[in-house]
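Engineer: let me see the structure of the following:
(one chain, ligands or ions: 1)
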Amino acid sequence: MRLALIGNGGVGKAFIQLLLDKSGLLLKEKMDVQVNYVLDSKGGIYNPAGIDLMRLTEFNHSGLPLSRFSGGGSDQITFNLLLANGGVDVLVELTPSNLLTGEPGITHIESALQMGWHVITGNKGPVMLAWHNLNRIASDKGVRLMVGCTTGGALPAINGGLIDLAGADILSIEGVLNGTTNFILEEMEEDRCTYEEALVKAQQAGIAETNPSQDVEGWDTAAKILILTNILMNESKLLQDVAVKGITALTPQDIREAANNGLKIKLVGRASFQDDQLIISVRPEALPPEHPLSHANGKNKAVRFVTDTLGELMITGGASGTRAAAAAILRDLLFIHRTGR
Ligand code: HSE
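Structural biologist: Just a heads-up that it's a prediction; the model follows:
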């Protein structure tokens, strides 16, 4: 499998490291993985014989631009060059998520699918805004568009829904879908630190978005509940269809008061029918201990589906982290390999 990776941030770097760490598994799976391209917005690396991942991992610690990598690095290596050269089986698209335009992710994903390449992405913007179109192209071309990383990283929310809830009507989806806010709320509840300190810790752990207001103002959760809704409930909803409230207006006193009443405040994304109308919302909710979502703690997340034929199911865990997100990309790569397309 010849791979091109676009996006060399925390998850991209962790993915390269993971390919090395899991080389034994790849061998066992008879997966001959070769990374031919690593690109970011300033240039990249191209090596038709496969980039030396050990050297790349060491180089990634240096903080230098990819163009300085000896062994194929150049500022002339662009996405257009990649398209012109061809010779790729799978594009791994990990550029930063733009929830307004989906770009440059949509262009990358669409172009790669048109080339007949499989695509694996952790980029929420394109999936939230253009899933139906992109998935139709993938299907026309006989390739896969895998998006397991986009709705909670390690949490198998979207693949669990697509594969294991197949054939059931999903009547509602609710979830704690953002590790950063879940972590901040718990740190504050346990009185371990202030809101600001907890946010810095989440940033240091590499789990907050590049623009952390997307986490704390609820937009990251909104993107994830929209992706789940549009894909699993076959809807075409947009951000403006979601009533979004984040955690920024919560005070330590709100959290303490809830705790004194035995409640835990969680940022909940929900899609459910009221009077035959699908209502999608994101807001902090004070949940009692008997509510299943109240047990998603720390950087963990949870999603709960209510279905017509498979009952009520909940998936919980999948703490946010760059290595966990990279592992979600690897999981999708294995799926493509094992299903033979
Ligand atoms: N910022 C996200 C979170 C990371 O905190 O869960 C991946 O979506």
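Engineer: and what about the residue in the stretch 201-341 of the chain that the ligand sits nearest to, helix, strand or coil?
Structural biologist: Going by Cβ to the nearest ligand atom, the ligand is nearest to Ser320 of the stretch 201-341 of the chain, at 3.9 Å. To be clear about C-beta, it is placed using only N, CA and C from the backbone, and glycine gets the same treatment. Put simply, Ser320 is coil when judged by DSSP: H, G, I helix; E, B strand; the rest coil.
Engineer: how many residues are close by it?
Structural biologist: Ser320 has 26 neighbouring residues, counting by other Cβ atoms under 10 Å.
Engineer: who's in contact with it?
Structural biologist: Ser320 makes contact with 152-154, 178-180, 183, 205, 207, 299, 301, according to Cβ atoms under 8 Å, 6 or more residues apart in numbering.
Engineer: from Thr95, how far out is the nearest residue to Thr101 once chain neighbours are set aside?
Structural biologist: Leaving out its chain neighbours, the residue that sits closest to Thr101 by Cβ to Cβ, 6 or more residues apart in numbering is Gly125, at 7.1 Å. Gly125 sits 9 Å away from Thr95, going by Cβ to Cβ, to the nearest Å.
Engineer: any residues in contact with both of the two?
Structural biologist: Shared contacts of Gly125 and Thr95 (Cβ under 8 Å, 6+ apart): Gly105.
Engineer: which of the contacts of Ser320 are buried, as a ChimeraX select command?
Structural biologist: The following ChimeraX line selects those of those that are buried, judged by 16 or more other Cβ atoms under 10 Å:
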select :152,153,154,178,179,180,183,205,207,299,301
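Engineer: just the contacts of Ser320 that are near the ligand?
Structural biologist: With Cβ under 6 Å from any ligand atom as the criterion, the contacts of Ser320 include 153, 178-180, 207 near the ligand.
Engineer: just these: which are in strands?
Structural biologist: Among these, none falls in strands (DSSP state E).
Engineer: which pLDDT value belongs to Arg341?
Structural biologist: As predicted, Arg341 sits at a pLDDT of 60.
Engineer: what parts of the stretch 151-300 of the chain come near the ligand?
Structural biologist: Counting by Cβ under 6 Å from any ligand atom, the stretch 151-300 of the chain comes close to the ligand at 153, 178-180, 207-209, 215, 220.
Engineer: redo that, cut-off 5 Å
Structural biologist: For the stretch 151-300 of the chain, the residues in contact with the ligand (Cβ under 5 Å from any ligand atom) are 178-180, 207, 209, 215.
Engineer: and those residues, which two are furthest apart?
Structural biologist: The span of these, defined through Cβ to Cβ, is set by Gly179 and Glu209 at 10.8 Å.
Engineer: most widely separated two among the ones next to the ligand among the contacts of Ser320?
Structural biologist: Using Cβ to Cβ, the ones next to the ligand among the contacts of Ser320 span at most 11.6 Å, a distance reached by Gly153 and Thr180.
Engineer: how close does Asn123 get to the ligand?
Structural biologist: Here the criterion is Cβ to the nearest ligand atom, to the nearest Å. By it, Asn123 lies 10 Å from the ligand.
Engineer: what number of residues lie near that residue?
Structural biologist: 26.
Engineer: and the residue nearest to it when sequence neighbours are not counted, what pLDDT?
Structural biologist: Computed as Cβ to Cβ, 6+ apart, the closest residue to Asn123 that is not its neighbour in sequence is Gly105, at 4.2 Å. Gly105 is assigned 98 on the pLDDT scale.
Engineer: ok, now which ones touch Gly105?
Structural biologist: Gly105 touches 93, 95, 97-98, 121, 123, 125-126, counting by Cβ under 8 Å, 6+ apart.
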